[in-house]
Structure formats: C-alpha cells, structure tokens
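[1] Quick one: sequence plus predicted model below, questions after.
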Amino acid sequence: MARSILTIDDLSNEEIEAIFELADDFLTELGTPGRPYRIQGRKDVAGQFILSTLFFEPSTRTRFSFESAMLRLGGNILSSANPTSTSASKGESLADTVRVIENYADLIVIRHPREGAARVASEYTDIPVINAGDGGHEHPTQTLCDLYTLRRENKSLKDLNVLLCGDLKHGRTIHSLVYALARFGARIMPLAGKGLDLPEHVRNRLKREYGCIPRELPSNGFPVDVVYQTPEKDHQLALIPDVDLDLRMKFAKPLGSIDVCYVTRLQVERMGDEASKKDYPIVDRQFLNEHRYKHSSVLHPLPRVDELGYDMDADSRGVYFKQASYGVPVRMALLAALMKLYPNIVTAQNRERPYPIYTSVDGIRCGNNQCITNDPQEKRYLKPKFWIVDETALLRCTYCEHELHPQAVGSTSAKKFDTNLGRWATIDAGHLVFFEREVDAHRGGFQPYKGKPKQTAGTPVHR
Ligand code: CP
C-alpha cells in the first residue's frame, strides 16, 4: 500500500519538520519579492506525475492550493470539483471510483462529506491518498499549514498557549490541530460556542495518547494572568478547602499570554436545524483588547463568516491570509515527498497505530451516523473495523475514530460469550466477536462462559 496521509497522525514530528524545511526551500527559491509567503513561477521536477483532486464538497483554498502546488512543481492535474460531475452521483461506490482513477493519476487528493472516506479510498488503491477533509473527522494538511504559519511567525510549539475558538465539535481542522498541538507540547484552551465543545472521543484520545487535558480559559474578570489546576474529581476539592487567593497562587500554573488565537466558523453544513449562532465567540479587535492577547497570532483556516471581524485584516496579529498562502509551499513539499522527488522527507511505510484491529462481520457497527461505514452507498461492501484500544475493549472505529463500548465479547468457535470484556485478549483473533448489547449474544445462540478467563501462556493472542 502506498504512503497515504489520512490523519495528522500519519506523519511523525520528524516528517512534519522535514516537510517544513522543504517548504522553506521552495519559498527561498520561488518566493515572490516583498511577499515571502507567496510562491511564484515553477520548478519542473514533477512533469511525469498527475494529481487527481476528487472533491465531493466545496473548497477554495484546499483544492486550488493543491492544484497550484502540483502545477508549480511542473506536474499535471485532473480535477473534479463538483460531486455531481462524477459517476458517484449515479451510485458508484468510492471504492470503485478510486480503483478506476488510479489508472489515470499518480496521487489522489480527496474531500468527502463522510467521516473516514479518505481511509476507504486508501484501502482500495495502490497510489497515495491525501485527506483534504472527511466530514467532521480530520483535515491534516490544513494542520500542516497552521503549524507552518506558526513556525514562520517564529512561534515554537512547545509550551505555546493556544486558544481554540468556535465550533470545536464539528470542525475537522480543529480535530487534526489539537492532536498535533498536543504532540508538540502546546497547551490547548477551548472557547467553544454553546454546545460545540470538543467531542468526547477527541478529549479521550488527547488524554490517553498525549496526556493532554484542555484547560479552561480564565474568565475576563480573572485578576491575574494565571490559572490554577482544577482538580479532576469533585472529591479532590476537599483536599484544598476554602483556599484563599494567595494559596491558589502558590499552586498556580503560569499561563502567560495567549500566543495563538485559532478561530473557526460554525460548521452549518454538518448541523442542520440545530445550527445557532447564539453564544458563538466573535474574535475582533475589541475581543483582543485584553493584555493577554497583545502578542497573539490570530489564525483561521477560512472561509470566515461572522466569527472573525474584518477589522482584524489591518491588524498585524491577523495572519490568516498568509496561512492560506502557505498552503502552496507546504502542499508542494508534501506532494514532492509522496512522489519521492526528494529523499528522506517521509518514510515509505504508513504509520501503524499500536492497537490490534477487529473487523466486524455482520455484527457491531460504528455508532456515528456520519461514518462512511454507515453510508448506504458504501456499506454494501465495507466491513466496520475497530482498533481495540485497551484491556476493557474500548473500540475505536478505524474510519471515523468515534469510540464505542461493547457490552459483551465472545468466541465464534466456542459459541460462548462474556460480559467481562477483559476476556477479549484471550480469544483467538480469528474467532473474536464483540456484541453491542448482551442480548445480541443470546440472540446469536451464544452461551455464557463459566468461570474466569484463563491467562494464555506465552505471547498474548493479539499482540
Ligand atoms: N481551509 C479550508 O479547508 O478551506 P476550503 O474549504 O476553502 O478548502
């Protein structure tokens, strides 16, 4: 399978750094005089390659900057910008579409409304697939542009205080970004619109995989520019009863100023009737008037609607148009790396997650309606697949990464099941079955195991 970029976790920190160094080289060589964030001219290194941009959702920046990047590398493009312009509108599956396109092009950049669509595409083709946004899941190359912008603004990610504003629930740029920020050691402070907080599965993963717990932004009236650690559990409050401010200050974790204010629009297209701009944060010069924002960089993946004031365009803290412009050198570097035009930028192998995979055959399904595995057109051939994330059999959909907790685990050879989910590790992978509810095991003719699971000798079955 070719190297594909489906989530930001498909790139290591070292690979991201190498891509940024190559983007720097492109800007040094091809930068526009007086506008060092803009590429002009072209470099003829990719003449034998064709990039297919397959967009099932609207786009200005991502598609045009990918196409500009390919053209500026001297390559060629085949573009589909309209969902109705491909045979998908006649009912053709995504798997069939990419199996055909791989004969016409050498890389695919795909945007799709379904979460996990890019992973499906990558599973049915031997050419690299780049996720240009899959529903509310991820948008990894936007994160590359975001991080690169911060680098060009001389902001080191380690210990950076990043305020995330707006629709953190549906914003795919946010989801890719928080994982990257956590990996590089930045601090995350959510300022979500009402009911638009980071999804639970994203928070869980931040904590589990990166030890990152998003922090509350101190309220406007907070007297000093610090925040104290909130006890994670209510009962821990009893450990520091009635502490006065001096004592709190002693336990205080300095936050300093807000280094980055990352603004996002309400993702109306993912919400239907529930979309409401009530209590939605608006970032403008008035909002940024507090001292702590004096040296903030204001980023926005764009497009903006009402959440970012036009008065910020003339404010030196607003860097969002440079951020959009960096899409070209960054995507040139990524494309060049995947086409292997420059050695040692990315490795040949895809990065594997450190979890065993469970494929569900006519059984448990992902509970996320927006997951590609629940799309009527795609579920005809797709089998739900999950990473088994821990010993309690927390399952994470490999496509949309939503989590679910099955109620029972069983063995298809023994025809037995257990509600002690820890048993999963002792069952041979070829016979493992999870049940969403205990009643599903009974309906399937499975009998309860008697006694505790026996420990398997030697190597565990799934590792
Ligand atoms: N930032 C971004 O993804 O913009 P487009 O939707 O215009 O591609």
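    Nice, I can see it. Residues are numbered from 1 along each chain as shown.

[2] residues from the chain in reach of the ligand?
    59-62, 133, 142, 301-303 (CB under 6 Å from any ligand atom). The way it works is simple: take the backbone N, C-alpha and C, and place the C-beta from them, glycine included.

[3] give me that answer again for 5 Å
    Residues of the chain found near the ligand (CB under 5 Å from any ligand atom) are 59-62, 301.

[4] could you dump those residues to a markdown table with pLDDT and neighbour count?
    As requested, the residues of the chain next to the ligand are exported to a markdown table (pLDDT from 0 to 100; neighbours: other CB atoms under 10 Å):
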| residue | pLDDT | neighbour count |
| --- | --- | --- |
| 59 | 97 | 18 |
| 60 | 97 | 10 |
| 61 | 98 | 18 |
| 62 | 98 | 25 |
| 301 | 98 | 26 |
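
[5] Let's have those residues in TSV, adding secondary structure.
    Converted to TSV, these look like this (DSSP: H, G, I helix; E, B strand; the rest coil):
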residue	secondary structure
59	coil
60	coil
61	helix
62	helix
301	coil
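
[6] give the contact list for the residue nearest the centre of the chain.
    Centroid-nearest residue in the chain, with CA atoms, centre = their mean: residue 176, separated by 2.8 Å. Shown in contact with residue 176 (CB atoms under 8 Å, 6 or more residues apart in numbering): 7-8, 138-140, 142-143.

[7] for this protein, what helix or strand is lowest in average pLDDT?
    Least confident helix or strand of the chain, by mean pLDDT, DSSP states H and E, is strand 226-228 with a mean of 37.

[8] Just the closest residue of the stretch 251-400 of the chain to the ligand, please.
    Residue nearest to the ligand within the stretch 251-400 of the chain (CB to the nearest ligand atom): residue 301, separated by 3.8 Å.

[9] which non-adjacent residue is nearest that residue?
    Nearest non-adjacent residue to residue 301, counting by CB to CB, 6 or more residues apart in numbering: residue 173, 4.4 Å away.

[10] Buried by neighbour count: which residues of stretch 411-429 qualify?
    By neighbour count with 16 or more other CB atoms under 10 Å, stretch 411-429 contains the buried residues 411-412, 416-418, 421, 423-427.

[11] now swap in stretch 364-373 and tell me
    Buried, per 16+ other CB under 10 Å, within stretch 364-373: 364-366, 368, 370-373.

[12] for stretch 7-26, same thing?
    Neighbour counts over stretch 7-26 (16+ other CB under 10 Å) mark 7-11, 15-16, 18-20, 22-26 as buried.

[13] And stretch 377-395, by the same measure?
    378, 382, 384-389, 393-395.

[14] Let me know the closest of the residues of the chain next to the ligand to residue 148.
    Of all the residues of the chain next to the ligand, residue 301 has the smallest distance to residue 148: 12.8 Å, by CB to CB.

[15] The buried residues of stretch 364-373: which two are farthest apart?
    Among those, 364 and 370 lie farthest apart (CB to CB), at 17.5 Å.

[16] which residues does the spatially closest residue to residue 293 that is not a sequence neighbour contact?
    The shortest distance from residue 293 to any non-neighbouring residue, by CB to CB, 6+ apart, is to residue 258 (5.5 Å). Residue 258 makes contacts with 161-163, 189, 292-293, 296, as judged by CB under 8 Å, 6+ apart.

[17] quick one on the thing from earlier: if I've got this straight, the residue nearest to the centre of the chain is in a strand?
    No. Residue 176: not assigned to a strand; according to three-state DSSP it is helix.

[18] and it, what pLDDT?
    For residue 176, the pLDDT comes out at 98.

[19] ok, now residue 458?
    43.

[20] which intervals of the protein have sub-threshold pLDDT?
    Scanning the chain for pLDDT under 70 picks out the ranges 218-256, 455-463.

[21] same thing but at 50, please
    221-254, 457-460 (pLDDT under 50).

[22] What ranges does it have for its helices?
    For the chain, the helices defined by DSSP state H occupy 13-30, 61-72, 94-101, 117-123, 140-152, 172-184, 200-210, 245-250, 320-325, 327-338, 438-443.

[23] other SSEs contacting the fifth one?
    I take that to be helix 140-152. helix 13-30, helix 61-72, strand 129-134, helix 172-184, strand 297-299, helix 320-325, helix 327-338 (3 or more CB pairs under 8 Å, 6 or more residues apart in numbering; DSSP states H and E).

[24] what angle do that helix and helix 13-30 make?
    Relative orientation of helix 140-152 versus helix 13-30 (axes from the mean of the first three to the mean of the last three CA atoms, to 10 degrees): 70 degrees.

[25] Kindly export stretch 193-211 (C-alpha atoms) in PDB.
    The C-alpha coordinates for stretch 193-211 follow below in PDB (Å, rounded to 0.1, in the frame of the first residue of the first chain):
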ATOM      1  CA  GLY A 193     -19.700  28.100  21.000                       C
ATOM      2  CA  LYS A 194     -22.700  26.800  23.000                       C
ATOM      3  CA  GLY A 195     -22.900  23.000  22.700                       C
ATOM      4  CA  LEU A 196     -19.900  22.900  20.400                       C
ATOM      5  CA  ASP A 197     -17.200  21.600  22.700                       C
ATOM      6  CA  LEU A 198     -14.500  19.200  21.600                       C
ATOM      7  CA  PRO A 199     -16.200  15.700  21.100                       C
ATOM      8  CA  GLU A 200     -15.700  13.200  23.900                       C
ATOM      9  CA  HIS A 201     -13.700  10.800  21.800                       C
ATOM     10  CA  VAL A 202     -11.300  13.600  20.900                       C
ATOM     11  CA  ARG A 203     -10.900  14.600  24.500                       C
ATOM     12  CA  ASN A 204     -10.400  10.900  25.500                       C
ATOM     13  CA  ARG A 205      -7.800  10.500  22.900                       C
ATOM     14  CA  LEU A 206      -5.900  13.600  23.800                       C
ATOM     15  CA  LYS A 207      -5.700  12.400  27.400                       C
ATOM     16  CA  ARG A 208      -5.000   8.800  26.600                       C
ATOM     17  CA  GLU A 209      -2.400   9.200  23.900                       C
ATOM     18  CA  TYR A 210      -0.800  12.600  24.700                       C
ATOM     19  CA  GLY A 211      -1.600  13.100  28.400                       C
END
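
[26] Return the set of buried residues in it.
    For stretch 193-211, burial by neighbour count (16+ other CB under 10 Å) applies to 193, 196, 198-199, 201-203, 205-206, 210.

[27] ok and the residue in the stretch 101-250 of the chain nearest the ligand?
    Ranked by CB to the nearest ligand atom, the top residue of the stretch 101-250 of the chain for proximity to the ligand is residue 142, at 5.2 Å.
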